[in-house]
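**Q** Any chance you can model this:
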Amino acid sequence: IPDAPRDIDASKCIYPAEYEGHFDRLLIPKEEISSVVHSLAEKIHEDYQGRRPVMMCVLKGSGPFYQHLLDELQELRQGYYTEFIRTSSYEGTASTGKVKLAGGVDFKNLNGRDVVLVEDIVDTGTTVSHLIPVLEAEGKPASVTVCTLLSKRLDQPPKYRAKYVGFSIPNHFIVGYGLDYNELYRDVRDIWVISQAGIDFDSTTLN
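**A** Have a look, this model is predicted:
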């Protein structure tokens with residue numbers, strides 16, 4: 001995705017009415033997301049055909065991407081196991097640089113198996129660079145790779161580079177398709193650059 005704004009028709013995009021005015025511009029429409037997720041599934045299938053990797057969802061933001069990816073793998077008749085883990089390195093619009101690991105994964109299910117970590121976005125690489133050594137030490141998998149829908153271009157090199165990358169994007173704070181700002185905007189099917197109005201919005205006014 002280029003740094004300069006793209007000429008994309010956002011008139012047919014839908015989202016909850018309470019988000020009106022909360023987006024600066026459309027970054028990636030759902031049709032482009034679907035096409036790229038299909039391509040990622042094909043690459044994973046090519047690498048793991050005849051094996052059953054553990055597809056591990058990094059919650060919460062990866063949820064929609066994870067389910068979409070699994071649907072595409074099913075179409076390719078690719079077998080897999082599922083696991084879920086919850087981490088956090090964001091507060092508001094900034095990465096804290098500290099990763100909170102909230103558990104959820106059954107480490108014994110990783111032993112001797114190939115693990116594909118499914119992330120919504122890799123920017124600094126802090127989350128995955130912290131998480132992978134934990135998985136290797138506790139679960140003793142055969143391998144660990146990362147599949148991310150988005151890789152953010154930053155001035156400093158990331159601490160980790162994913163093997164499977166859907167989109168390389170500019171350094172904007174984005175929301176939608178599982179990505180949130182303080183728990184809002186996960187319920188949007190396209191990916192948007194958040195506006196100042198969205199950042200300033202008082203979520204306590206919602207039920």
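**Q** Strands of this structure, residue ranges please.
**A** 23-28, 54-59, 81-91, 94-101, 114-122, 143-152, 164-169, 174-175, 191-194 (DSSP state E).
**Q** As TSV, those strands with distance to A4 and mean neighbour count would be great.
**A** Just so you know, the C-beta spots here come from the backbone N, C-alpha and C atoms, and that holds for glycine as well. Shown next, in TSV, are these (distance: least, CB to CB, whole Å; neighbours: other CB atoms under 10 Å):
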stretch	distance to A4	mean neighbour count
strand 23-28	11	20
strand 54-59	30	23
strand 81-91	26	17
strand 94-101	24	12
strand 114-122	20	24
strand 143-152	16	22
strand 164-169	12	18
strand 174-175	16	26
strand 191-194	12	24
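**Q** Worst mean pLDDT among these?
**A** In terms of average pLDDT, strand 94-101 trails the rest of the strands of the chain, at a mean of 62.
**Q** could the strands of the chain be laid out in JSON lines, adding distance to N182?
**A** As requested, the strands of the chain are arranged in JSON lines below (distance: least, CB to CB, whole Å):
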{"stretch": "strand 23-28", "distance to N182": "15"}
{"stretch": "strand 54-59", "distance to N182": "16"}
{"stretch": "strand 81-91", "distance to N182": "9"}
{"stretch": "strand 94-101", "distance to N182": "12"}
{"stretch": "strand 114-122", "distance to N182": "16"}
{"stretch": "strand 143-152", "distance to N182": "19"}
{"stretch": "strand 164-169", "distance to N182": "20"}
{"stretch": "strand 174-175", "distance to N182": "10"}
{"stretch": "strand 191-194", "distance to N182": "11"}
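**Q** Compare those strands and give me the one nearest Y48.
**A** Of all the strands of the chain, the one in closest proximity to Y48, counting by CB to CB, is strand 114-122 (6.5 Å).
**Q** what's the longest helix in this structure?
**A** Of all segments of type helix in the chain, defined using DSSP state H, the longest is helix 30-48.
**Q** My guess is S151 contacts I169. True?
**A** Yes - if you go by CB atoms under 8 Å, S151 and I169 touch, sitting 7.1 Å apart.
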